[in-house]
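S.K.: Structure of the sequence below:
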Amino acid sequence: MPDTDETRLSALLDRAAGPADLPPGLTARVIARSRTRRRARAALTFSAVATAAVVGGVTLPGLLAEPPPPPIAATTRVEEDIYTILSRDTGMKVTAEDVILSGRAGDLGSVAVLRKEANPPEAEHGGKAASLWFSRDGGRYTQVSDYISFDLACKKGDEVCDATQDDGLGFFGVLEGAGGAYYALVQVPAGRSVTVSSDKGEDLKLEGNAGVVRVEATNPWRVKATVTVDTLEYGLHLPPGGVVKVL
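M.R.: Sure, this is the predicted structure:
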């Protein structure tokens, strides 16, 4: 018989008194109670250690039959698409067709340019209009400009602009932040490219046909956008209200 706690307990009882001196079944009952106490102590120890493991934020492998579920990640605005965010913040249903351009204006915040109905006099001449919305530090988008015209007019003598106006010219605006931080907001029809220049001699070519780009300038009204279509060029000029401050 293997040397276990139960065999040692039985031998101890036999030495303490002869078999005839013990009540019938005493040895078996003592051993059974010993087993019960050991199981209770083991269950208590398991429960205490398991509780400590959970409270301490640690799960020991194999200790818990079913480890606690992982914490649920907090939902942030970054995980939402821009159309959901703008729809909630503007109070309007915003789709891809409504967004002329959106992007990050460096440390200033995020900007979105949304289509809106043009005033009748401008609409009669093919003009379009947009509103400008701005979000600082991931906060709510607020409207910083109610009306900016585009696709409306060409500079005098710009024959390329006159020839392409029926197909749309593009949107052009400048966002002005504190300390002379300027960001050009530009969007032109697909297939065209844009170069933004300033009175400090900068020439910045946008990737694609829309974007937000920082410009070093002494005067935001002297920032220019030159559009290339095929091998020809025309200029976009800033409309009235085209420089928007978000100080």
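S.K.: Give me the helices and strands touching the helix or strand hosting L101, please.
M.R.: According to DSSP states H and E, L101 maps onto strand 99-105. Packing partners of strand 99-105 (3 or more C-beta pairs under 8 Å, 6 or more residues apart in numbering; DSSP states H and E): helix 82-90, strand 109-116, strand 171-177, strand 181-187, strand 210-215. Quick note: C-beta positions are derived from backbone N, CA and C, even for glycine.
S.K.: list the buried ones in the shortest one?
M.R.: This means strand 210-215. Within strand 210-215, the residues that count as buried by 16 or more other C-beta atoms under 10 Å are A210, G211, V212, V213, R214, V215.
S.K.: Is the last one bridged to anything, and to what?
M.R.: Judged by DSSP bridges, the bridge partners of V215 are Y182.
S.K.: Can you lay out the helices and strands packed on strand 99-105 as CSV showing mean pLDDT and distance to C161?
M.R.: Listed next are the helices and strands packed on strand 99-105 as CSV, based on pLDDT from 0 to 100; distance: least, C-beta to C-beta, whole Å:
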stretch, mean pLDDT, distance to C161
helix 82-90, 96, 30
strand 109-116, 97, 21
strand 171-177, 97, 12
strand 181-187, 97, 15
strand 210-215, 96, 18
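S.K.: Format these as TSV; extra columns: distance to A130.
M.R.: Formatted as TSV, these follow (distance: least, C-beta to C-beta, whole Å):
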stretch	distance to A130
helix 82-90	13
strand 109-116	5
strand 171-177	6
strand 181-187	9
strand 210-215	12
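S.K.: what's the closest of the buried residues of strand 210-215 to L238?
M.R.: Of all the buried residues of strand 210-215, the one sitting nearest L238 is V215; the distance, using C-beta to C-beta, is 12.1 Å.
S.K.: out of the buried residues of strand 210-215, who's nearest Q143?
M.R.: V212 (17.4 Å).
S.K.: what sits against the closest one?
M.R.: Going by C-beta atoms under 8 Å, 6 or more residues apart in numbering, V212 touches L101, G103, R104, A105, V111, L175, Y183, A184, L185.
S.K.: Spatially nearest residue to it, not counting backbone neighbours?
M.R.: Residue nearest to V212 in three dimensions, not counting chain neighbours: G103, with 3.8 Å by C-beta to C-beta, 6 or more residues apart in numbering.
S.K.: and that neighbour, what pLDDT?
M.R.: Note on G103: pLDDT of 95.
S.K.: Report the beta-bridge partners for it.
M.R.: Applying DSSP bridges to G103, the residues it is bridged with are V111.
S.K.: gap between the two ends of stretch 239-247?
M.R.: Using C-alpha to C-alpha, to the nearest Å, one end of stretch 239-247 lies 20 Å from the other.
S.K.: average model confidence for that stretch?
M.R.: 94.
S.K.: Just the buried positions in that stretch, please.
M.R.: For stretch 239-247, a neighbour-count test (16+ other C-beta under 10 Å) marks P239, G242, V243, V244, V246 as buried.
S.K.: burial measure for the closest residue to the last one other than its chain neighbours, as a count.
M.R.: Counting by C-beta to C-beta, 6+ apart, F134 is the residue found nearest to V246 once chain neighbours are left out, at 5.2 Å. Around F134 there are 20 other residues, counting by other C-beta atoms under 10 Å.
S.K.: can you pull the pLDDT of F134?
M.R.: Note on F134: pLDDT of 98.
S.K.: so where is the chain shaky, pLDDT-wise?
M.R.: Within the chain, the ranges that satisfy pLDDT under 70 run 1-79.
S.K.: domain ranges for it?
M.R.: Taking automatic domain parsing as the reference, the chain has its domains at 5-55, 77-245.
S.K.: Now do the strands in this protein.
M.R.: 99-105, 109-116, 128-135, 142-150, 171-177, 181-187, 193-197, 203-205, 210-215, 224-229, 232-236, 243-245 (DSSP state E).
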